[in-house]
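>>> Okay, here's the prediction I keep looking at, along with the sequence it came from:
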Amino acid sequence: MVSLTAVASLTLASLLGLGIGASVASEASRTSAAGLTTSSILQGLTVDELQSQAELVVSARALRSRTIVTNGRVETETVVRVERAFVGEAGRTLRVRVPGGRLQDGRVVRVPGAPQLTPGEPVLLFLSRSASSAAWTPVGLFQGVWRLDPAHPELAWASSASGALLLPSSAGEAAVDRRRRSLARLLAGGGR
């Protein structure tokens with residue numbers, strides 16, 4: 001059964017300041033109850049929009065993550081090791097924040113559309129400065145995180161929407177509408 005605390009915590013959407021829904025549940029409630037269903041509605045971004053909104057584009061690998069609660073905002077901060085900067089200047093490591101995370105009491109805050117960075121996994125990140133900290137955030141949440149495969153260095157795979165709904169872009173096809181894209185096109189524009 002989902003606790004009253006978890007239900008009351010649905011107000012996190014406004015606290016996250018993203019205009020999106022969040023769900024909170026304990027480990028036990030996620031496995032024994034129907035749980036809460038929420039959704040995020042995000043504007044689809046074309047490759048050109050990803051590029052123009054990104055202050056920094058890097059290939060990187062996640063090193064470690066932790067949950068941070070600041071002014072009621074629950075976020076996961078992941079330290080990534082930068083392998084190459086394509087746009088902007090980056091140090092050897094960066095802090096990347098996404099909404100949601102696992103609280104110390106075991107509750108989990110999930111935000112549909114928030115990407116998860118897996119330690120050791122190579123990724124291409126389209127980032128902008130976080131308004132609330134010195135960390136970086138992926139442009140368009142999951143849309144700004146692309147998976148890289150060393151066996152296919154010329155390709156990148158879109159991250160999972162994780163329950164987010166994507167509105168069509170008025171500027172054309174959303175970058176993530178194609179699950180796999182040429183790395184050269186993602187970096188140079190044109191989107192194919």
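That came through fine.

>>> Grab the most central residue of this structure for me.
P115 (3.0 Å; CA atoms, centre = their mean).

>>> ok, now how distant is L56 from R129?
According to CB to CB, to the nearest Å, L56 and R129 sit 8 Å apart. Heads up, the C-betas are built off the backbone N, CA and C, glycines and all.

>>> okay, the two: which has more neighbours?
L56 (19 against 12; other CB atoms under 10 Å).

>>> pretty sure that one contacts L127?
Yes. Under the criterion of CB atoms under 8 Å, L56 makes contact with L127 at 4.5 Å.

>>> Name the residues contacting each of the two.
Taking CB atoms under 8 Å, 6 or more residues apart in numbering as the criterion, L56 and L127 both touch 94, 136.

>>> which residues touch the residue nearest to the centre of the chain?
P115 neighbours (CB under 8 Å, 6+ apart): 98, 138, 141-142, 144-145, 159-160, 162.

>>> Just the buried residues from those residues, in ChimeraX please.
To isolate the buried members of the contacts of P115 in ChimeraX, using 16 or more other CB atoms under 10 Å:
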select :98,138,141,142,144,145,159,162
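
>>> Sitting in strands, which of the contacts of P115 do you find?
Residues of the contacts of P115 located in strands (DSSP state E): 98, 138, 145.

>>> Would you mind checking which of these is nearest to G91?
Nearest to G91 out of the ones in strands among the contacts of P115 is P138 (CB to CB; 17.9 Å).

>>> Report the contact partners of the residue nearest to that closest one when sequence neighbours are not counted.
Closest residue to P138 apart from its sequence neighbours, by CB to CB, 6 or more residues apart in numbering: G144 at 3.3 Å. By CB under 8 Å, 6+ apart, the contact set of G144 is 50, 54, 115, 125-127, 137-138.

>>> ok, and what's touching the host helix or strand of V123?
Element membership for V123 (DSSP states H and E) is strand 122-129. By CB under 8 Å, 6+ apart, the surrounding residues in contact with strand 122-129 are 50-51, 53-62, 80, 83, 94, 96, 117, 136-140, 143-150, 156, 183, 186.

>>> and those residues, which are buried?
50-51, 54, 56-62, 80, 94, 96, 117, 136-140, 143-148, 156, 183, 186.
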